[in-house]
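J.: Need the 3D shape of this:
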Amino acid sequence: MIKTFKTALVEYLEALFTSIIVLILIYVFVAFPVTVQGISMQPTLHTGDRLLVETITPRIWGYERGEIVVVSANNSGVSGMLSELLVKRVVGIPGDRVKIFNCKVYFYNDSQMYQLNEDLYLPEGVCTLGGRRIEDGRPYTIPQGEYMVLGDNRENSTDSRNIGFIKKENIQGKVVILFYPTDKIKLY
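T.: Numbers count the residues shown, from 1 in each chain. Model (predicted):
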């Protein structure tokens with residue numbers, strides 16, 4: 001009887017240890033949960049919403065306009081300004097030539113300028129203004145390996161307009177699912 005109890009205990013501890021290792025590997029290399037804090041992504045996301053952030057595919061292909069990402073703010077190149085994870089939306093990718101003008105985000109090339117279509121996630125009438133790092137009316141070229149990210153609540157968001165473009169290595173991953181509260185479950 002004692003030998004059986006010891007054997008069962010060892011098997012239980014081995015299974016527990018293996019499970020912990022697998023969960024740590026998934027957390028570090030595949031996906032991790034994040035809880036939204038603040039109002040910068042409203043009306044899309046709210047304080048307390050829980051998201052699953054995937055890390056594998058962005059390492060391979062990068063990020064695309066419209067994706068919601070998690071940015072490590074303390075590593076964004078702004079010393080001491082922030083020390084948390086920020087949830088933002090990618091609006092500009094490396095090489096884009098952008099300008100915030102007339103309450104909208106525009107892309108341009110040598111011959112024309114066109115407006116970023118944000119109808120899928122911004123309510124009508126939202127005004128995007130420039131900030132300290134990306135000024136209103138001034139054209140910018142997003143450097144290779146960097147991204148322009150904005151909150152959906154443009155009037156109440158600390159984002160690229162104030163902290164500058166974000167280096168790819170400071171983006172922790174892209175949001176793939178809102179899983180809590182359960183009545184708001186959504187795939188991204």
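J.: which residues touch residue 64?
T.: Going by C-beta atoms under 8 Å, 6 or more residues apart in numbering, residue 64 touches 90, 93. (C-beta placed from N, C-alpha, C; glycine too.)
J.: Give the helix, strand or coil label for it.
T.: Secondary structure, DSSP: H, G, I helix; E, B strand; the rest coil: residue 64 is coil.
J.: Can you tell me how far it is from residue 89?
T.: Note on residue 64: its distance to residue 89, by C-beta to C-beta, to the nearest Å, is 11 Å.
J.: Ok, residue 110 next?
T.: From residue 110 over to residue 89 (counting by C-beta to C-beta), the distance is 27 Å.
J.: More neighbours: which of those two?
T.: Using other C-beta atoms under 10 Å as the criterion, residue 110 and residue 89 rank with residue 89 on top: 24 against 5.
J.: ok, what's across the strand from the more buried one?
T.: Beta-bridge pairing of residue 89 under DSSP bridges involves residue 68, residue 150.
J.: So it sits against residue 153, correct?
T.: No - if you go by C-beta atoms under 8 Å, residue 89 and residue 153 don't touch, sitting 10.5 Å apart.
J.: Find the residue at the geometric middle of this structure.
T.: Nearest to the geometric centre of the chain sits residue 69, at 1.5 Å (C-alpha atoms, centre = their mean).
J.: can you list the weak-confidence ranges in the protein?
T.: The chain contains residues with pLDDT under 70 at 1-3, 74-83.
J.: Please enumerate the helices of it.
T.: 2-29, 56-61, 160-163 (DSSP state H).
J.: ok, now which ones touch residue 129?
T.: For residue 129, the contacting residues are 100, 103, 136, 154, 161, by C-beta under 8 Å, 6+ apart.
J.: Please convert the buried members of those residues into ChimeraX selection syntax.
T.: A single ChimeraX command selects the buried members of the contacts of residue 129 (16 or more other C-beta atoms under 10 Å):
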select :100,154,161
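J.: Same list, the contacts of residue 129, but as a markdown table with distance to residue 84 please.
T.: A markdown table is the format used below for the contacts of residue 129 (distance: C-beta to C-beta, whole Å):
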| residue | distance to residue 84 |
| --- | --- |
| 100 | 25 |
| 103 | 28 |
| 136 | 27 |
| 154 | 20 |
| 161 | 18 |
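J.: farthest-separated two in the contacts of residue 129?
T.: Greatest spatial distance among these (C-beta to C-beta): 103 and 161, at 12.8 Å.
J.: Could you tell me which residues make contact with the closest residue in space to residue 128 that isn't next to it in sequence?
T.: Spatial nearest neighbour of residue 128, chain neighbours left out: residue 154 (4.9 Å); criterion: C-beta to C-beta, 6 or more residues apart in numbering. By C-beta under 8 Å, 6+ apart, residue 154 lies in contact with 122, 126, 127, 128, 129.
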